[in-house]
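Participant: Need a 3D model of the following:
(2 chains)
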Amino acid sequence: DAGVTQSPTHLIKTRGQQVTLRCSPISGHKSVSWYQQVLGQGPQFIFQYYEKEERGRGNFPDRFSARQFPNYSSELNVNALLLGDSALYLCASSPGTGWNSPLHFGNGTRLTVT
Amino acid sequence: AQSVTQPDIHITVSEGASLELRCNYSYGATPYLFWYVQSPGQGLQLLLKYFSGDTLVQGIKGFEAEFKRSQSSFNLRKPSVHWSDAAEYFCAVGFSGGADGLTFGKGTHLIIQP
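Facilitator: Numbers count the residues shown, from 1 in each chain, chains lettered A, B, ... in the order given. From the prediction side, this is the model:
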């Protein structure tokens, strides 16, 4: 079975630009979460979506937004990019929202902002 | 606010030796506890989890972890490490409902000496 797939794998953007990252969950998984992992740190929670609705949001500015589509895939958008947005962005999926359904992570999108 | 502490940034262990990675959390109730492993350029793979019941949990790849409520700890152990265990290890906690995402520690980088 295919795991969580993310695209693109690498991305280079300039400060002030906008970026869209994509995630396809494991088949049958209805929940998608996004995490930001800055180099040398643990992942930090950005969003959780379930059944196309936002269920949770971490401590990130409004420049970060996301959505989930009817096929449960998801996009993360970041506007007005800052140098500090350079990070590995991880998508994770799970069947539901509770922790009895642990997260399955993709390999991430490496975003570099210059 | 909840927090997770992994006091060891780097640990070096000889191949075949035993391993213990430390994790402490700060939270008013018993959280859901997880250990993840991340190889270079990869996403996170779940090693094991603790929700309730037996405080010693077994995971994949020969890892185990013990929950100690009195110490707010969830340390990861392996009796004999292999060179392929070299990676970054993250302890994480989740809270009831799951909408706030996982809170990760900063990780412990495991180096295996031949």
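
Participant: show me what contacts the most centrally placed residue in chain A?
Facilitator: Closest residue to the average C-alpha location of chain A: residue A:34 at 3.1 Å, with C-alpha atoms, centre = their mean. Residue A:34 makes contact with A:23, A:45-48, A:66, A:74, A:76, A:89-92, according to C-beta atoms under 8 Å, 6 or more residues apart in numbering or on different chains. The C-beta positions use only the backbone N, C-alpha and C, and glycine is treated the same way.

Participant: Could you identify which of the residues you listed has the most neighbours?
Facilitator: residue A:91 (32 neighbours; other C-beta atoms under 10 Å in any protein chain shown).

Participant: Could I get the contacting residues of residue 92?
Facilitator: Since you didn't name a chain, this refers to chain A. Residue A:92 neighbours (C-beta under 8 Å, 6+ apart): A:4, A:32-35, A:103-106, B:44.

Participant: Chain B was what I was after
Facilitator: A:42, B:4, B:33-36, B:102-105.

Participant: Mind checking which of those land in helices?
Facilitator: Judged by DSSP state H, the contacts of residue B:92 include no members of helices.

Participant: Flag every residue of chain B that's near chain A.
Facilitator: Chain B has residues B:4, B:32, B:34, B:36, B:41-46, B:49, B:51, B:90, B:92, B:94, B:97-107 near chain A, with proximity defined as C-beta under 8 Å from any C-beta of the partner chain.

Participant: Generate a ChimeraX selection restricted to the buried subset of those residues.
Facilitator: In ChimeraX syntax, the buried subset of the residues of chain B next to chain A is picked out as below (16 or more other C-beta atoms under 10 Å in any protein chain shown):
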select /B:4,32,34,36,43,44,46,49,51,90,92,94,98,99,100,101,102,103,104,105,107
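
Participant: thinking again about what came up before, residue B:82: which of the contacts of residue B:92 is nearest?
Facilitator: residue B:35 (16.9 Å; C-beta to C-beta).

Participant: how many neighbours does residue A:8 have?
Facilitator: 12.

Participant: if we can go back for a sec, closest to residue B:81 out of the contacts of residue B:92?
Facilitator: Distance to residue B:81, by C-beta to C-beta, is smallest for residue B:35 among the contacts of residue B:92, at 14.6 Å.

Participant: Can you name the residues bridging to the closest one?
Facilitator: Beta-bridge pairing for residue B:35 (DSSP bridges): residue B:48, residue B:91.

Participant: Tell me who's in contact with it.
Facilitator: B:21, B:23, B:46-49, B:59, B:63, B:65, B:74, B:76, B:89-92.

Participant: on that earlier part again, please identify the helix or strand for the residue nearest to the centre of chain A.
Facilitator: strand A:31-37 (DSSP states H and E).

Participant: State the mean pLDDT of that strand.
Facilitator: The pLDDT scores in strand A:31-37 average 96.
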